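Participant: have a look at this prediction, sequence included:
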Amino acid sequence: MRVAALTPETAAAWSALFEACGCACHCRYWHFEGNKNAWLARCFEEPGKNREEQMALVEAGALEARGLVALDGDRAVGWMKLAPREKLGKLRRQGAYRGLDLGDDQGIWSIGCFLVHPDHRRRGVARALVAAADGHVRAWGGRAIEAYPHRPGYALRDEEAWMGPEGLLVGCGYEAVHGQGPYPVYRKEIV
């Protein structure tokens, strides 16, 4: 398995991963301006719209469309959204994070979500994506990476851990900067 940036060259494999997983979001959640019901309606009624929007942004080289793809040969088996925090405006508007003083956005990249093909879960795909993030973010001019796992107080099913497992992040050197409640914030300095 190798990890590569999402580019026009890896976009077809990336899109096929979302299709294989039956995931209509195509990683546009953090950029969607509507409410939860409007988001669910868009994913159900217009599943191609998210894919088309993301693919156009990848072609244009937009920072908000960045992320890493885990590839097994030419087949994508995992995805991790990795974009500048300043491009994830919805993150700051979320109730859990709205009041937090996370400091200046400059140079902070955010892990927005994970998607691992069901046949490849629990095989180190997410770990490989997190481990590769440091080098990519450094090359893209970033100084730190943040992650926002969900800590609900009960065991999450794999498909519910789309923000990443907390233990994985800790094991990869991330430290809690806001560790209270079910929505901690983890950060790793990379410079």
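Facilitator: Perfect, I can see it now.
Participant: can I assume residue 39 is in contact with residue 30?
Facilitator: No: with contact defined as CB atoms under 8 Å, residue 39 does not count as touching residue 30 (10.6 Å). Placement of C-beta: from N, CA and C, glycine included.
Participant: how close does the residue of the chain most remote from its centre get to residue 37?
Facilitator: Distance from the centre of the chain peaks at residue 45, with 23.3 Å (CA atoms, centre = their mean). Separation of residue 45 from residue 37 (CB to CB, to the nearest Å) stands at 12 Å.
Participant: ok, then the element right after the helix or strand of the chain with the lowest mean pLDDT?
Facilitator: Among the helical and strand segments of the chain, the one scoring lowest on mean pLDDT, DSSP states H and E is helix 95-98, with a mean of 64. Reading on from helix 95-98 to the C-terminus, the next helix or strand found by DSSP states H and E is strand 108-116.
Participant: elements contacting that following strand?
Facilitator: Contacts defined by 3 or more CB pairs under 8 Å, 6 or more residues apart in numbering; DSSP states H and E place strand 108-116 against strand 75-84, helix 125-139, strand 144-147.
Participant: repeat that with 10 Å
Facilitator: helix 11-20, strand 67-72, strand 75-84, helix 89-93, helix 125-139, strand 144-147, strand 185-189 (3 or more CB pairs under 10 Å, 6 or more residues apart in numbering; DSSP states H and E).
Participant: adjacent strands (with direction) for it?
Facilitator: strand 75-84 (antiparallel), strand 144-147 (parallel) (DSSP bridges).
Participant: now distance to residue 183 and mean neighbour count too, for those strands, in CSV please.
Facilitator: Formatted as CSV, the strands paired with strand 108-116 follow (distance: least, CB to CB, whole Å; neighbours: other CB atoms under 10 Å):
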stretch, distance to residue 183, mean neighbour count
strand 75-84, 17, 23
strand 144-147, 11, 23
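Participant: ok, which of those strands comes nearest residue 116?
Facilitator: The closest of the strands paired with strand 108-116 to residue 116 is strand 75-84. By CB to CB, the value is 4.5 Å.
Participant: tell me what angle the closest one forms with helix 11-20.
Facilitator: 100 degrees (axes from the mean of the first three to the mean of the last three CA atoms, to 10 degrees).
Participant: tell me what angle strand 75-84 forms with strand 67-72.
Facilitator: Going by the same axes, to 10 degrees, strand 75-84 makes 160 degrees with strand 67-72.
Participant: which residues touch the nearest residue to residue 75 once chain neighbours are set aside?
Facilitator: Residue nearest to residue 75 in three dimensions, not counting chain neighbours: residue 13, with 6.2 Å by CB to CB, 6 or more residues apart in numbering. When the contact criterion is CB atoms under 10 Å, 6 or more residues apart in numbering, the partners of residue 13 are 4, 6, 69-77, 79.
Participant: with residue 143 instead?
Facilitator: So residue 143 contacts 106-109, 137, 189-191 (CB under 10 Å, 6+ apart).
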